[in-house]
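> My questions are about this predicted structure, shown below with the sequence.
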Amino acid sequence: MNSKFSIRDFSNIFALLAIWIFFGVVSPTFVSPRNLSNLSVELAITAVLALGMFLIILTGEIDLAAGSGVGLFGGVAAVLACNHHWPAPAALLVTLIVAVTIWGLMGTLIVKEALPSFIITLAGMLIFKGLHWKIIDYKTVPIAPSSEPTMFTLLTTWFLPPLPSLLLGAAIVAALVLAEMKNRRRRAEAELPLDPADIAYSKLLIVAQIILLFVVVANQYQGIPLPALILGSTAFIIHMLTQHTPFGRHLYAIGGNAEAAAISGIPVKGTIIAAFAIAGSIVGLTGFMQTAYNAYSTSTIGAEMELDAVAACVIGGTSLRGGRGTIAGVLFGALIMASLLNGMTLMAVEPAYKLFARGIVLASAVWMDERMKRA
Amino acid sequence: MPAILEAEKIVKRFTGVVALKSVSFDLQPGEIHALVGENGAGKSTLIKVLSGIHPAGSFEGALRVDGRVADLKKISDAEAAGISVIYQELALVGEMTVAENIFLGHEPVRGGLVDWLKMDRDARELLLRFNLKLNPETLIKDLGVGHQQLVEIVKALARKSRILILDEPTAALSGPEVEVLLNILRDLRKQGLSIIYISHKLEEVFGIADRITVLRDGESIVTARASETDRATIIRQMVGREITDFYPRRHATPGEALLSVQNLTVADAKSGKAMLHDISFTVNAGEVLGIGGLMGAGRSELLMHLFGAWGKRLAGSVTLGGAPFDHPTPAEAIQRGLALVSEDRKRYGLVLSHSIGFNLSLSSLKRFATGGFIDQQAELKKNNEFFASLRIKAPNLETRVGGLSGGNQQKVVLGKALMSEPQVVFLDEPTRGIDVGAKLEVYELVNQLISAGKAVVIVSSELPELMGMSDRIVMLSRGRLSRPILRAEATPELLMQNAMA
């Protein structure tokens, strides 16, 4: 809520710049409009999943089944659409309902039986991966029966044309300016400390420039990719949910101190179950996007994605103990992870080194998190 | 005789704040020296200076042990000099035995392996020396807080400490447990140990201390022999002003019954064992009902059960505001106009990592929600009202609750309870561990509630507080409730008799 820059923000921005400059120099295609468009799709997939993970981590729980879920639900939708010739909207909707139900049940099991989410979702990770393999029968299942575009294939191939993209970018910037003005007025009325106007608005200016720069670069290719719009909408919804509803406050309170939350009249169990159910819908959505991006459901889809989601949250300052974290941080963390993976893929880095890099980033993010707390 | 420990003109600055302006005091061999002062007076900072947590060089002034300048760079330096601190929050491992805890980090070793026999023997010997009837093989988690405290002291003695610093050692103890502790401290004094005793409870301080030093705003105001000063003088020196009526209770005319409890029997949900037996009482509008009793008598459990947060009801019924009120959840209890301020504010009261504002409105978010979204303007306005009227001492609403003093934290918990606009307010040990000024403000708040026709139930371990603030007092003894005693009839002797019944 308070928007002061911290050392973490600076070190994150520095890390991101370093990653971009490194890849930009080593592999100049990294900064080509086409690759940046791909990067924005990959970012959207990583970040949307991380936003779902964020809800669960806020309560102090964890979801290790997210990656397997991505594979499973993408696979279920692909099998329904391709093998059973369901219309894509029906296949996606039914799979989404299944995803919400399964994640809701997992949450129920965790809170009603007081079982550790680490173990239950670890079990889920194995079971869902097995289910995924069974359902696609160890094969490669396309997401559409023919080359005719469907809602499923369009998920990652549709672009908002350049002119509407520009208008949308401008509208978002205008909305941000209005929101900041309203926020400042409210804080001033309540006699809360305010960042000096010039600093606050120059921060806003930077954000506006980044948004417009993104639109301009995207327009050089084909416009804003649909996943980027999905990410924007998801981030907005999760922002409203966590920062502006009682449910969101409850998430923070439960993660901060579950016992005090209960005594304060917060329905602790129901809130955690709801967090899992919402995260389930996000896992489903990510599964559709990831599978569509790949064009097929294969047994490796979703592997280790839960760890990238956790890493994005932690890099962005979400506490694994729960109760602390911001949407902006999660998006930033996802951007770092997505940039790293995209750049290494471009450089055709050996898979082993990709794993090393992800592991090192994850460990150093947690290390920084602990150090910050002690400082 | 030279002082065993001497602090001279200690000044400790943090960035922007002076925590200790000038503190001088000395500890004689075989002396119990009490440190008193309001929260924020500098007691905790002083302890940290004396125990090496704030290392030599980070403060000004001189620290001498046995007349020689002590260069305490870290905690182990202080331990080597024979100084041990027993903190409010005990540093024991619950899953280990008494003996293991006593020798934690100093286990007797033979050939690289722990010598369990010697550990057990030494532990028995130590316990015997201080007349403690404790089995060294008992697990710490199976002991009451009082006994845990004693284990912590024995642990310090096992390390050959000569100076014990006790920080609010009786905060969580019941009357008899306090007596046991004080007797042991007297014993230790006889054996030549020196003790710094920090407490808010002046009765205890006068009962045990040889000398008393008053701290106020980071300065040592005065050091006096306990026999040559009195309670009123010390309080005046602590707050820097005269307090005439310590319990400023105003009386309202009691109205109709707001809460009535009939033949309630409740069991612990885990063990299934009945903890509260056949309890009946009523609380009227405009009335304060005091509930006393020893630690473990079931006072907090009673309040928590009525609030829907503890136990399994075996029998009985409850009415609130004239309508049945059975088996609520805390959310329903709040909805129906009940509020609970728990005795353990850090555990049950606050989300410490969040702001004052976050905590204040936590129980009332529904009130601010229109169309599913929180009207943050209305919330801020309400939070600001409470922030001002409770006189919470903090820069602003966004200050983290975890960094506030005990008294201010308690005000936030009270504010959270009151914002839900309750008819009946449960206050469980509302003044535990908070300073004199904040205590008075809590009492004033009770007065305001009563004048507004609310009903208040206060649970307290301090008899003067019970007698000073209640219209009627009931005592719980092993899960059974005594008959109500009117304020006018209450004497400490009568109350204690009922508590021990």
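Okay, I see it. Residues are numbered from 1 along each chain as shown, chains lettered A, B, ... in the order given.
> near chain B, which residues of chain A show up?
Selection of chain A residues close to chain B by C-beta under 8 Å from any C-beta of the partner chain yields A:1-2, A:186, A:189-193, A:240, A:244-246, A:249-250, A:252-253, A:256-257, A:259-267, A:323-324. (C-beta placed from N, C-alpha, C; glycine too.)
> mind running it again at 7 Å?
A:2, A:186, A:190, A:192-193, A:244-246, A:249, A:252-253, A:256-257, A:259-260, A:262-265, A:267, A:323-324 (C-beta under 7 Å from any C-beta of the partner chain).
> Got a PyMOL select line for the buried ones in these?
The buried residues among the residues of chain A next to chain B can be selected in PyMOL (16 or more other C-beta atoms under 10 Å in any protein chain shown) with this line:
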select buried, chain A and resi 190+192+244+245+246+249+252+253+256+257+259+260+262+263+264+265+267+323+324
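> what about residue 55, helix or strand, and which?
Since no chain was named, I'll use chain A. Per DSSP states H and E: A:L55 is located in helix A:33-58.
> buried set for that helix?
Buried, per 16+ other C-beta under 10 Å, within helix A:33-58: A:35-58.
> count of residues packed around A:S233?
By other C-beta atoms under 10 Å in any protein chain shown, the residues close to A:S233 number 11.
> Work out for me the element it sits within.
In this assignment (DSSP H and E), A:S233 forms part of helix A:226-244.
> quick one: the helix or strand following that helix to helix A:226-244, angle?
Once the chain leaves helix A:226-244, the next helix or strand it forms, by DSSP H and E, is helix A:246-256. Put simply, helix A:246-256 runs at 80 degrees to helix A:226-244, going by axes from the mean of the first three to the mean of the last three C-alpha atoms, to 10 degrees.
> export helix A:246-256 as CSV, just CAs?
Taking Å, rounded to 0.1, in the frame of the first residue of the first chain, the C-alpha atoms of helix A:246-256 are listed here in CSV:
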residue,chain,number,x,y,z
PRO,A,246,-12.6,-8.1,3.1
PHE,A,247,-11.5,-11.5,1.6
GLY,A,248,-8.1,-10.0,0.7
ARG,A,249,-7.6,-8.5,4.2
HIS,A,250,-8.5,-11.9,5.6
LEU,A,251,-5.8,-13.6,3.5
TYR,A,252,-3.1,-11.2,4.9
ALA,A,253,-4.5,-11.5,8.5
ILE,A,254,-4.5,-15.3,8.3
GLY,A,255,-0.9,-15.4,7.0
GLY,A,256,0.2,-12.8,9.6
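> ok now the helix holding A:L55, how far from the chain's centre?
4 Å (C-alpha atoms, centre = their mean, to the nearest Å).
> got it, and stretch A:344-355?
Counting by C-alpha atoms, centre = their mean, stretch A:344-355 comes out at 22 Å from the chain centroid.
> Can I get it as PDB, trimmed to CA atoms?
Taking C-alpha atoms only, stretch A:344-355 is exported to PDB below (Å, rounded to 0.1, in the frame of the first residue of the first chain):
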ATOM      1  CA  MET A 344      18.600 -19.000 -22.000                       C
ATOM      2  CA  THR A 345      16.300 -20.700 -24.500                       C
ATOM      3  CA  LEU A 346      17.400 -18.200 -27.200                       C
ATOM      4  CA  MET A 347      21.000 -18.900 -26.400                       C
ATOM      5  CA  ALA A 348      20.200 -22.600 -26.700                       C
ATOM      6  CA  VAL A 349      21.700 -23.200 -23.300                       C
ATOM      7  CA  GLU A 350      22.000 -26.800 -22.200                       C
ATOM      8  CA  PRO A 351      18.900 -27.800 -20.100                       C
ATOM      9  CA  ALA A 352      21.100 -28.600 -17.100                       C
ATOM     10  CA  TYR A 353      22.300 -25.000 -17.000                       C
ATOM     11  CA  LYS A 354      18.700 -23.800 -17.100                       C
ATOM     12  CA  LEU A 355      18.000 -25.800 -14.000                       C
END
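> got the buried residues for it?
A:M344, A:L346.
> and if you look at stretch B:472-485?
B:R472, B:I473, B:V474, B:M475, B:L476, B:S477, B:G479, B:R480, B:L481, B:S482, B:P484, B:I485.
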